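Novice: coords below, sequence missing:
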Ligand code: SF4
């Protein structure tokens, strides 16, 4: 998780965030929403170099779904369409009741990974995703029980405090995901990522997400600092200004940059070893 | 309020877009709404369109404005 890791050519884990929970086909006509569409995008992204697939569930009309049943349908379709990639279920869900937030963890088999939002963030003008400590703890407890690796979502410095406070409770290696963008996420500037990385104790692995136009530079910087990267239409709809992207294109670009910079793209097997995952 | 927003309709076409499955459409903004906002439109999870959506307008005040417009008034007393 340092510049030395970069120099040593540590494999880079690429996560593909295919769908998300916020926008849909009204924002991007090809954003995958149905289980079949998500599975097809997952297969293309695995082929392009993604070893982790970050999944959200939607209803047939594109609206959000959190139920175990819908996650099961999507996970089954994705497992069927992919060879070996790691499935990571989102437990995020602005305004969704706490009980529903646990449901994505209850598929059979359980996902190998799940996201864990580390605190509040604002949505639109009037909504807040609360993510109380109580909810974070109960989600984490269930993840432990089911052998699911949490990816701690660090939207801002306050969330970094919250993550560092529970580091001892995490199985090795702790895996933190730094998000950069507008609103209540961290200001997307290279110096802020450097500060974050310098604040991490030995042995912590980190991943980076840059929203929108920040995806490309923050991805590149993370690779230089020995970190891992997440790309995909959940976080960024455009390949470049004015040109809509596909999930697969965004993964392929991240893979090219990693290889050019001397970071081999991690296979699913290498990802499991690096992050201490249970296996599919 | 625990009912669907009065400005919500489900449409297959609108705002220059078309879909196979009818999607949430807001008649205030005249556009399809994002999936996350559709939870507000549907008053799911205790969300309240009047309180939780910044685009919401009270249908009664809207009707009163229309009446004013019909009378040719500009609202100045
Ligand atoms: S809740 Fe807001 S966005 Fe949804 S239909 Fe009502 S006014 Fe439109």
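Specialist: All right, it came through fine. It should be emphasised that the depicted structure is a prediction, and the values quoted were computed from it without experimental measurement. Numbers count the residues shown, from 1 in each chain, chains lettered A, B, ... in the order given.

Novice: could you measure from residue A:125 over to residue A:29?
Specialist: Noted for residue A:125: a distance of 26 Å to residue A:29, by CB to CB, to the nearest Å. Placement of C-beta: from N, CA and C, glycine included.

Novice: and residue B:24, what helix or strand is that in?
Specialist: Element membership for residue B:24, per DSSP states H and E: strand B:17-26.

Novice: number of residues surrounding residue A:99?
Specialist: Residue A:99 has 9 neighbours, counted by other CB atoms under 10 Å in any protein chain shown.

Novice: just the one 5 residues further on next, same as before
Specialist: Residues contacting residue A:104 under the criterion other CB under 10 Å number 31.

Novice: isn't it up against residue A:92?
Specialist: No: using CB atoms under 8 Å, residue A:104 makes no contact with residue A:92, being 9.2 Å away.

Novice: got the residue ranges for the strands in chain A?
Specialist: A:14-17, A:52-55, A:57-58, A:64-65, A:86-89, A:113-117, A:121-123, A:127-129, A:149-154, A:175-180, A:205-210, A:228-231, A:238-240, A:243-244 (DSSP state E).

Novice: stretch A:240-259 and chain B in contact?
Specialist: No: on the criterion CB under 8 Å from any CB of the partner chain, stretch A:240-259 is out of touch with chain B, staying 13.6 Å away.

Novice: need the residues that contact that stretch.
Specialist: Contacting residues not belonging to stretch A:240-259 are listed as A:12, A:14, A:16, A:18, A:28-30, A:32, A:41, A:44-45, A:47-50, A:213, A:215-216, A:219-220, A:223, A:229, A:231-233, A:236-239, A:264-265 [CB atoms under 8 Å, 6 or more residues apart in numbering or on different chains].

Novice: list the buried ones in it?
Specialist: By neighbour count on 16 or more other CB atoms under 10 Å in any protein chain shown, the buried set for stretch A:240-259 is A:245-255, A:257-258.

Novice: and for stretch A:62-79?
Specialist: The neighbour-count check on stretch A:62-79 (16+ other CB under 10 Å) flags A:62-66, A:68, A:70-75, A:77-79 as buried.

Novice: can you name the two of the residues you listed that sit furthest apart?
Specialist: Comparing every pair within the buried residues of stretch A:62-79 by CB to CB identifies A:63 and A:79 as the most remote, at 23.9 Å.
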